[in-house]
Structures are given as structure tokens and as C-alpha cells.
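[1] build me a structure from this.
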Amino acid sequence: MALDIEQYCITKTFPKLYYIPDFITEEEEKSLCEQVYAAPIPKWTQLSKRRLQNWGGLPHAKGMIPETLPKWLSTYTDKLGSLGIFGNHRPNHVLVNEYTPGQGIMPHVDGPLFYPVVATINLKSHCVLDFYHPVDTDAPVASSRESEQEYAKSSAKRHVMSLLVQRRSAYVFEQDMYTKYLHGISERKVDTLDNKVLNLDSCSNVSIDSALKRETRVSLTVRFVPKVLNVKLKFGRK
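    Coordinates of the predicted model:
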């Protein structure tokens, strides 16, 4: 029986954001991690501040050449799809990200290559996901020397709210939370919770001012890519 996604909506005055604690079991988390780290080395892409795996194909403006998702992933894309968050579509893409302690990702939007819903399953460690108002495009552009410092000040001013994402949980955001608001993860090794974390009531063993030490984290971000090419490749383990 599919979950009733609306009972997990944590935003009342914002566009919809959902948080589902204990979306998977400890055994499922262990199995998923084993499968992620059993992937062949060429499946990993190393970026400057994290590494990742693409499953389902490489999204592209001209269309994605689809790969058949392995069973260990399709089980969970189907589970998330059963919530109805992707409309009548079946999720066809999974981005696996690995973050070591202190790593993060700059505030961003995921862009038009995807159906405007993102659903993520969280493994191995917590994270704090921050949401921001869009950048003021009419503001003057800082010089290269000033830009990083000025961007940090701007981000602090534009910070709207945060989401504590615990192990084995899932979160979903859509509508303006996807298309308008930016989301990111700050680069730090310890997260100190404050009153901008909206879902503390849905989390276990935490409160305001709790200091949570990060460990290596793996996330499975599940999406639907509408534009695919009429070619199908099969890769990965089943």
C-alpha cells in the first residue's frame, strides 16, 4: 500500500516540501550502500567537491539515451513513483552522490531537463539541506576578488529555511521549491541546528542547538527525464 504523501508535508506557508522519516530499513540501507560501492570504477565521476554516479542515462537538452535501471535501484524508484509525485510518469533517472565530511554543494536549481519534482533517499549520514530565495539578477556583480565573500553574505541574507535529513529518510520538493528556490548544502563538518530547521518534530533524538557531526553520506536522487531518445542501453548490475 502506497504512503499518503500529504501527511508528510512540512511546509504550510511555502510551496510543498515533504519529509518521510524511516523511508527504508537498516537492512535496505546496508544493501543499497553495498550496491553503490560495488559499482565499477568507471561508473564514478569525480568532481572537485564530491563524486557521483549517473544511472538511467546522462540527461541532455537534446534528449537522454536511456539505460535500464538495475533492480536494486528500480525497486526504490518504483516505491517513490507510487506516491504519485511524478504524475503518471515512472522515474527513469537516479543520481548517486557521495559527500565526505565537510563537502557540500553550492545553492542551485536542478534545471529544465527534469520533470519539476525531486525525491531523494538519504544513506549513511545526516545532512542539512538549505533553501534560498533566488539571486537578485538586478544586483551589481562583484569583482572576482570580492565575489566569493559577497556571495556568502548574499546567501546568508537569502536563506529561507533548512531541512534536517536523517539516515534512511526521504525528502521530496516540487512546484516553486523546485523551479524558483535554490537549494544547497553548506561546507562544514558539524551542523548546529537552529529554528530555521522546519522538520525537527519529525526527527529523532535532536533539538534546537544539537550539534551533529557529519560522516560520509550517500544520496540517491530520483527524477524523471521527459526527453529521451528512442535508444535503450543496458548497464550495471541487476
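
[2] host element of the spatially closest residue to residue 49 that is not a sequence neighbour?
    The spatial neighbour of residue 49 that comes closest, neighbours along the chain excluded (C-beta to C-beta, 6 or more residues apart in numbering), is residue 103 at 5.1 Å. Quick note: C-beta positions are derived from backbone N, CA and C, even for glycine. Residue 103 is part of no helix or strand, with elements assigned from DSSP states H and E.

[3] distance of residue 103 relative to residue 212?
    In this structure, residue 103 and residue 212 are separated by 15 Å, where distance is defined by C-beta to C-beta, to the nearest Å.

[4] where in the chain is pLDDT low?
    Across the chain, the stretches falling below the confidence threshold (pLDDT under 70) are 1-2, 136-153, 232-238.

[5] give me that answer again for 50
    Scanning the chain with the threshold set as pLDDT under 50 gives 138-146, 237-238.

[6] ranges for the helices of it?
    Across the chain, reading from the start of the chain, the helices by DSSP state H fall at 26-38, 71-81, 144-158, 176-179.

[7] for residue 230, find the nearest of these.
    Closest approach to residue 230 among the helices of the chain is made by helix 71-81 (20.3 Å; C-beta to C-beta).

[8] for the closest one, what is the distance to the chain centroid?
    Chain-centre distance of helix 71-81: 16 Å, with C-alpha atoms, centre = their mean, to the nearest Å.

[9] same check on stretch 46-55?
    A distance of 13 Å separates the centroid of the chain from that of stretch 46-55, by C-alpha atoms, centre = their mean.

[10] which residues touch stretch 184-197?
    49, 99, 101-108, 126-130, 132, 155, 159-164, 200, 206-214 (C-beta atoms under 8 Å, 6 or more residues apart in numbering).

[11] can we see that at 7 Å?
    101-108, 127-130, 159, 161-164, 200, 206, 208-214 (C-beta atoms under 7 Å, 6 or more residues apart in numbering).

[12] quick check on these: which are buried?
    Buried positions within the contacts of stretch 184-197, assessed by neighbour count (16 or more other C-beta atoms under 10 Å), are 103-105, 107, 127-130, 159, 161-164, 200, 206, 212, 214.

[13] among those residues, which are in strands?
    Mapping the buried ones among the contacts of stretch 184-197 onto strands (DSSP state E) picks out 105, 107, 127, 128, 129, 130, 159, 161, 162, 163, 164, 212.

[14] which ones are touching the last one?
    Residue 212 is in contact with 126, 190, 191, counting by C-beta under 7 Å, 6+ apart.

[15] please report the distance of it from residue 162.
    12 Å.

[16] re the thing from before, ok, the contacts of residue 212 vs residue 4, which is closest?
    Residue 4 lies nearest to residue 126 out of the contacts of residue 212, by C-beta to C-beta, at 24.9 Å.
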